[in-house]
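# The sequence and its predicted three-dimensional model are supplied below.
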Amino acid sequence: MSTGRHRIRSRSSRARAVLTSPLGVTAIVVGLIVVLSLAIPAGLRYAGCAETRYLRVSTTLGMAPVLQKAADEFNEEGHSYSGECVFAQAGEVAPHRIMTQLAGGTTADSTTAPDVWVPESSAWVELARVSDTGARNIETTPRSLASSPVVLAAPEDAEGIPEPDEASWNLILPGERSPDRPMVMVDPNRGADGMTAMYQVREELGTGDEADTEVTDFVRDVQLDTAFDELDLASAYPSPIDVDPLTVVPEQAVLRYNSTGPETPIEALYPTEGTVSLDYPFVPIGDDPAMRAAADDLYEILQADSYREELRGLGFREPDGTLSDELADREDIIGEPPETHQGLTGDALLKSVEDWNRLSMPSRALVLADVSENMTEDLNGGPSRLDVTKNAAQLGLSLFPDETDLGLWLLSDEYEQGRDQVEDLSRLGGSVSDDGTTRRDELQQIAEDIEVEGGESRLYDNILAAFDEVQDAYDDDKINSVIVLTAGRDDGSSEISHDELVAELQDRFDPDQPVTMFIIAFGHQSEREELSELASATSGTLHVTDDPDEIGDIFLSSVSRRLCVPDCDE
């Protein structure tokens, strides 16, 4: 599991770092050009322009210098269409923000949608066109300006890293790197290189319950180390810890990073299974004739040899994947076009993003811990059910991130109402005292101190009450669930019967706001069939075990259930 051992710097830190690089200087110059170009139209309006309009161009950080220079040339030439003067302005905007706007959504810093969009990949265009709004406004056959394959990257001669032409995507899976170096990538919602990683993980692992559990393990392993903006390799190398990470980035990012003369040079690794090539499409937006004509003229400027050469100088390949002779001779990349595929499209593209979102979404879980007399019994001569329950609770606490809302009830009819509502649902990372103690710390101590209370569990009554508790305060931004750690026996202690409870859960379960039941029963004397029906009524799972070592895998398997809720098979 990831321990958060390697963190990516914030956007402000990235900005400070980039100012010291050649690209940073270029960005400053581009910014000045934008400011100066804004004054040009105002002066020319009075020199024959009936109306002044702006061709807004949004692109990636790597492409911004070239697009702005082309925009500047476009403005110097002076373009008009049916008496309207048009001036181009280019700038860097994260592709996920443009995609959201074009698909009809809004963003926190929403601005006017561009007239031309140059994202890193046509995958963004396809995602935007999923909506009716995007399908109406976005060109279906955009033209590629350049390309760059998604590669793995690591320091030159790093221990345990294969030769550049012998790498495999299984390197990004937990346990496949020796030494156990971190794996860093961009959030799949923010970059096509992150989408590629998720797609390749699914390709490596396949489908089915076991594969879903391994995909869950991958997401948990990399989630804390994931970048939320374009990955700045200068913030990843050298690592502040002993072992430098493996990263998933466009090849162009490797070249751009190494061109700065870094302390830790890196090399690109090309998976033998093939990879996705980012195609940097030139995408006109909307159907305004003047803006479409202006976009075509800007594209023609970009086809000039001088701009093709600038793109090569920034580390981009030609649209067909070939490299310039100068770049092909470098030792940090392989000059021959790597094997690529078109797999990151359609349902596979959507699934790669959806899988990540479901598995990385914060949890909101109410934990029911059985402390009835049944919990005193040992498991095959080993620890008692209660001991295993306490260990399971502590392990669960270690797996959930700070953003998790967690609550705890202890179940026994020795308590009033058959339970002790020890902790309400609230954030694990929240502070509970002035000395810095968090709710996680508090719950860890409570879990250590749990003892058998005796009596019966009133399991069925408490399950229904817990389901209602979570459903009544449902959080759309989290995965809502009830986790039951139990001996698995009600023994007639509840007012509601098993069949009545199944019917109630089926009736109350809302596919649009699913509250899922995960039941872990200790010992094979559990009412397996009855518990399975309860879990299935909420698209949940039942695990019966007498092996304490299985608890970690059970938690991962339960989390992987997110991939199918609310339509999971029994």
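Great, that's in hand. In this text, all values refer to a predicted model and were calculated from it rather than measured experimentally. Residues are numbered from 1 along each chain as shown.
# any idea how far Asp229 is from the residue most central in space within the chain?
Compute the mean C-alpha point of the chain, and by C-alpha atoms, centre = their mean the closest residue is Asp187, 3.9 Å away. Here the criterion is C-beta to C-beta, to the nearest Å. By it, Asp187 lies 9 Å from Asp229. Every C-beta, even on glycine, is put in place using the N, C-alpha and C of the backbone.
# who touches both of the two?
Shared contacts of Asp187 and Asp229, defined by C-beta atoms under 8 Å, 6 or more residues apart in numbering, are absent.
# pLDDT-wise, which helix or strand of the chain ranks last?
Ranked by mean pLDDT, DSSP states H and E, the weakest helix or strand in the chain is helix 11-18, scoring a mean of 33.
# since we're on the nearest residue to Ala167 once chain neighbours are set aside, how many residues are nearby?
Nearest non-adjacent residue to Ala167, counting by C-beta to C-beta, 6 or more residues apart in numbering: Leu269, 3.8 Å away. One way to gauge burial is a neighbour count; for Leu269, by other C-beta atoms under 10 Å, it gives 26.
# And Gly540, by the same measure?
Residue crowding around Gly540 was assessed by other C-beta under 10 Å; the count is 25.
# pLDDT value on it, please?
Note for Gly540: predicted pLDDT of 92.
# Who are the contact partners of the nearest residue to it once chain neighbours are set aside?
Nearest non-adjacent residue to Gly540, counting by C-beta to C-beta, 6+ apart: Met517, 3.8 Å away. Taking C-beta under 8 Å, 6+ apart as the definition of contact, the neighbours of Met517 are Ile463, Phe467, Ser481, Val482, Val484, Leu505, Leu534, Ala535, Ala537, Thr538, Gly540.
# for Arg312, same thing?
With contacts defined as C-beta under 8 Å, 6+ apart, Arg312 is in contact with Glu318, Leu323, Ser324, Glu326, Leu327.
# Shouldn't it be within a strand?
No: counting by DSSP: H, G, I helix; E, B strand; the rest coil, Arg312 is not part of a strand but helix.
# And stretch 470-488, what's buried?
Across stretch 470-488, burial judged by 16 or more other C-beta atoms under 10 Å covers Val470, Gln471, Ile479, Asn480, Ser481, Val482, Ile483, Val484, Leu485, Thr486, Ala487, Gly488.
# In helices only, show me those residues.
Here DSSP state H is the test, and the buried residues of stretch 470-488 give Val470, Gln471 as lying in helices.
# can you tell me which of the buried residues of stretch 470-488 are in strands?
The strands, defined by DSSP state E, take in Ile479, Asn480, Ser481, Val482, Ile483, Val484, Leu485, Thr486 from those.
# Need these in JSON lines (columns: pLDDT and distance to Asp217).
What follows is these, written out as JSON lines (pLDDT from 0 to 100; distance: C-beta to C-beta, whole Å):
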{"residue": "Ile479", "pLDDT": "91", "distance to Asp217": "17"}
{"residue": "Asn480", "pLDDT": "94", "distance to Asp217": "22"}
{"residue": "Ser481", "pLDDT": "95", "distance to Asp217": "19"}
{"residue": "Val482", "pLDDT": "96", "distance to Asp217": "23"}
{"residue": "Ile483", "pLDDT": "94", "distance to Asp217": "18"}
{"residue": "Val484", "pLDDT": "95", "distance to Asp217": "23"}
{"residue": "Leu485", "pLDDT": "94", "distance to Asp217": "21"}
{"residue": "Thr486", "pLDDT": "94", "distance to Asp217": "25"}
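# which pair in those residues spans the largest distance?
Between any two of those, the greatest separation by C-beta to C-beta is 21.0 Å, found for Ile479 and Thr486.
# Identify the residues contacting the residue nearest to the centre of the chain.
Under the criterion of C-beta under 8 Å, 6+ apart, the contact list for Asp187 reads Gly194, Thr226, Ala227, Phe228, Trp356.
# can you pull the buried residues of whatever helix or strand the first one lives in?
In the assignment (DSSP states H and E), Gly194 maps to helix 192-205. Neighbour-count burial for helix 192-205, with 16+ other C-beta under 10 Å as criterion, is recorded at 192-202, 204-205.
# same question, stretch 352-360
Along stretch 352-360, the positions that meet the burial threshold by neighbour count (16+ other C-beta under 10 Å) are Ser352, Val353, Asp355, Trp356, Arg358, Leu359, Ser360.
# Show me how far that stretch is from its chain's centre.
Between the mean C-alpha point of stretch 352-360 and the mean C-alpha point of its chain there is a distance of 6 Å (C-alpha atoms, centre = their mean, to the nearest Å).
# Report the mean per-residue pLDDT for that stretch.
For stretch 352-360, mean pLDDT is 87.
# If you tally nearby residues, what's the number for Val57?
By the other C-beta under 10 Å criterion, the neighbourhood of Val57 contains 25 residues.
# That one should be in a strand, yeah?
Yes: counting by three-state DSSP, Val57 falls inside a strand.
# residues contacting it?
Residues in contact with Val57, defined by C-beta under 8 Å, 6+ apart, are Leu67, Ala71, Ala88, Gln89, Ala90, Gly91, Pro114, Asp115, Val116, Trp117, Val118, Leu298.
# I'd like to know how far it sits from Leu233.
Distance, Val57 to Leu233, by C-beta to C-beta: 26 Å.
# And Thr322, by the same measure?
With distances defined as C-beta to C-beta, the gap from Thr322 to Leu233 amounts to 24 Å.
# Neighbour count for these two, which is higher?
Neighbour tally, Thr322 and Leu233, criterion other C-beta under 10 Å: the higher count belongs to Leu233, 22 against 14.
# separation between the residue nearest to Leu399 when sequence neighbours are not counted and Leu323?
Closest residue in space to Leu399, ignoring its immediate chain neighbours: Phe555 at 5.8 Å, by C-beta to C-beta, 6+ apart. Phe555 is 46 Å from Leu323, where distance means C-beta to C-beta.
# With Phe518 instead?
On the measure of C-beta to C-beta, Phe518 and Leu323 end up 51 Å apart.
# Next: Glu126.
Spatial separation of Glu126 from Leu323 under the definition C-beta to C-beta is 26 Å.
# And these two? Which one has more around it.
Between Glu126 and Leu323, counted using other C-beta under 10 Å, the more crowded position is Leu323 (22 against 18).
# what residues are up against the more buried one?
Shown in contact with Leu323 (C-beta under 8 Å, 6+ apart): Arg312, Arg317, Ile333, Gly335, Pro337.
# Poorly predicted segments of the stretch 451-570 of the chain, please.
526, 569-570 (pLDDT under 70).
# ok, 80 please
Within the stretch 451-570 of the chain, the stretches falling below the threshold (pLDDT under 80) are 524-526, 546-549, 551-552, 555-556, 558-559, 561-565, 567-570.
# in it, which spans are strands?
479-486, 515-522, 541-545 (DSSP state E, counting those that start in this stretch).
# what's the closest of those to Ala211?
When those are ranked by proximity to Ala211 (C-beta to C-beta), strand 541-545 comes first, at 15.6 Å.
# Which neighbours in the sheet does that closest one have, and how are they oriented?
Each strand pairing with strand 541-545, determined using DSSP bridges, is listed with its direction: strand 515-522 (parallel).
# Now do the strand it pairs with: distance to the chain's middle.
Averaging C-alpha positions (C-alpha atoms, centre = their mean) puts strand 515-522 26 Å from its chain's average.
# Give me the angle between that strand and strand 479-486.
Taking axes from the mean of the first three to the mean of the last three C-alpha atoms, to 10 degrees, strand 515-522 and strand 479-486 form an angle of 20 degrees between their directions.
# Restrict stretch 415-430 to CA atoms and write it as CSV.
In CSV, the C-alpha atoms belonging to stretch 415-430 read as follows (Å, rounded to 0.1, in the frame of the first residue of the first chain):
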residue,chain,number,x,y,z
TYR,A,415,-26.6,-2.0,25.7
GLU,A,416,-29.7,0.1,25.5
GLN,A,417,-31.3,-0.3,22.1
GLY,A,418,-28.9,-3.2,21.5
ARG,A,419,-25.9,-1.0,20.6
ASP,A,420,-23.4,1.6,21.8
GLN,A,421,-23.1,4.3,19.1
VAL,A,422,-19.5,5.0,20.0
GLU,A,423,-18.6,7.4,17.2
ASP,A,424,-20.8,9.3,14.7
LEU,A,425,-19.9,9.5,11.0
SER,A,426,-17.2,12.2,10.7
ARG,A,427,-13.9,12.8,9.0
LEU,A,428,-11.0,10.5,10.0
GLY,A,429,-8.4,13.3,9.6
GLY,A,430,-10.4,15.8,11.7
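# Alright, calling it a day.
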